[in-house]
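>>> return atomic coordinates for the entry below.
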Amino acid sequence: MKKEIKHSTNKIVKLILLTLGLISFGLGVLGIFLPLLPTTPFFLLSAALFLRSSRRLYNWLINHKYFGNYIQNYLFHKTITLKSKIYSISLLWIFILFSVFFMVNHLLIILLLLLIATGVTIHILSFKTASK
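Predicted coordinates:
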């Protein structure tokens, strides 16, 4: 009887982890287009959750045509490609500056947005540049 309960609990835990992994992946994809939503942490969280819930999805994510190399470079080599650095920083600053000039009127929020963008830029530039 205890084995059945434990087995059911494991299935429930795996389902919860799988669901959280899918949500995290979705937020990571949104982060590609929304500058204040981080992409990398959500993809890394997805990989960790998939590793514990679905080997198939973990392998799919790690070997994905677009995200796989990005995640592998970050996880295993602590590097980011030059193209990713340029794309990320450019997109970040385009959206932040658009928000600062056209969306936000409050000086404190403007300063906060600029500080966040500066911090994220420094963080991205702190990683070694990966070769293709």
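
>>> residue contacts, Gly28?
Gly28 makes contacts with Thr39, Thr40, Pro41, Phe42, Phe43, Ser46, as judged by CB atoms under 8 Å, 6 or more residues apart in numbering. All C-beta spots, glycine's among them, are computed from the backbone N, C-alpha and C.

>>> return a ChimeraX selection command for the buried portion of those residues.
Selecting only the buried entries of the contacts of Gly28 in ChimeraX, with 16 or more other CB atoms under 10 Å as the criterion:
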select :39,40,42,43,46
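
>>> in helices, which of the contacts of Gly28 appear?
Thr40, Pro41, Phe42, Phe43, Ser46 (DSSP state H).

>>> closest one to Leu107 out of those residues, please.
The closest of the ones in helices among the contacts of Gly28 to Leu107 turns out to be Pro41 (CB to CB; 29.0 Å).

>>> what's the pLDDT at the closest one?
Looking at Pro41, its pLDDT reads 81.

>>> could you do Ser8 as well?
51.

>>> before we move on, back to that, possible to save the contacts of Gly28 as TSV with distance to Ile89?
As requested, these are exported to TSV (distance: CB to CB, whole Å):
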residue	distance to Ile89
Thr39	13
Thr40	13
Pro41	17
Phe42	18
Phe43	18
Ser46	23
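
>>> looking at the contacts of Gly28, which is nearest Ile80?
Nearest to Ile80 out of those is Thr40 (CB to CB; 8.5 Å).

>>> ok, the closest one - contacts?
Gly28, Tyr70, Tyr74.

>>> just give me the longest helix of this structure.
helix 2-33.

>>> how far out from the middle of the chain is that one?
From the chain centre to the centre of helix 2-33 is a distance of 17 Å (CA atoms, centre = their mean, to the nearest Å).
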